[in-house]
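Visitor: sequence first, predicted coordinates after that:
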Amino acid sequence: MKGRQPCHAIAAGGSPQTVVGYRWDLPDGTIRQYVTYQEAEAANQRAGGTGSITIVMQ
């Protein structure tokens, strides 16, 4: 997933959505927000790759 570009998807209501960040979820329930995927991925790798990264859209 390296080099991922922002996505401009169309929601069910027809309005465009824009990526506003990336959420990193850890198994212990900790959640962190990052502006870029690269930041979230680096944090995940430092933690041993145990978390999951989700695109946050608005």
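Guide: Yep, it's here. Numbering: from 1, shown residues only.

Visitor: how about Gln45, secondary structure?
Guide: Secondary structure, DSSP: H, G, I helix; E, B strand; the rest coil: Gln45 is helix.

Visitor: mind checking how far it is from Gly21?
Guide: Taking C-beta to C-beta, to the nearest Å as the measure, Gln45 falls 18 Å from Gly21. (Each C-beta comes from the backbone N, C-alpha and C, glycine too.)

Visitor: who's more crowded, these two?
Guide: Of the pair Gln45 and Gly21, Gly21 is the one with more neighbours under other C-beta atoms under 10 Å, namely 17 against 10.

Visitor: how about the contacts made by that one?
Guide: Gln33, Tyr34, Val35, Val56 (C-beta atoms under 8 Å, 6 or more residues apart in numbering).

Visitor: just the pLDDT at the closest residue to the last one other than its chain neighbours, thanks.
Guide: Leaving aside its chain neighbours, Val56 sits nearest to Gly21 (4.7 Å; criterion: C-beta to C-beta, 6 or more residues apart in numbering). Listed pLDDT for Gly21 reads 94.

Visitor: which residues in the protein form helices?
Guide: Ranges of helices within the chain are 37-46, based on DSSP state H.

Visitor: low-confidence regions, the chain specifically.
Guide: Residue ranges of the chain with pLDDT under 70: 1-15.

Visitor: pick out the residue closest to the middle of it.
Guide: Tyr22 (2.4 Å; C-alpha atoms, centre = their mean).

Visitor: partners of the biggest strand by length in the chain, with directions?
Guide: Ordering each strand of the chain by length in residues (DSSP state E) puts strand 16-25 first. If you go by DSSP bridges, strand 16-25 pairs up with strand 8-10 (antiparallel), strand 31-34 (antiparallel), strand 52-57 (antiparallel).

Visitor: now that strand - C-alpha only, PDB.
Guide: Taking C-alpha atoms only, strand 16-25 is exported to PDB below (Å, rounded to 0.1, in the frame of the first residue of the first chain):
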ATOM      1  CA  PRO A  16     -17.900  13.700  -3.300                       C
ATOM      2  CA  GLN A  17     -15.800  12.600  -0.300                       C
ATOM      3  CA  THR A  18     -12.200  13.600   0.200                       C
ATOM      4  CA  VAL A  19      -9.500  11.800   2.200                       C
ATOM      5  CA  VAL A  20      -8.700  13.900   5.200                       C
ATOM      6  CA  GLY A  21      -6.300  11.500   6.900                       C
ATOM      7  CA  TYR A  22      -5.400   8.000   8.000                       C
ATOM      8  CA  ARG A  23      -6.400   6.300  11.300                       C
ATOM      9  CA  TRP A  24      -4.100   3.800  12.900                       C
ATOM     10  CA  ASP A  25      -5.800   1.300  15.100                       C
END
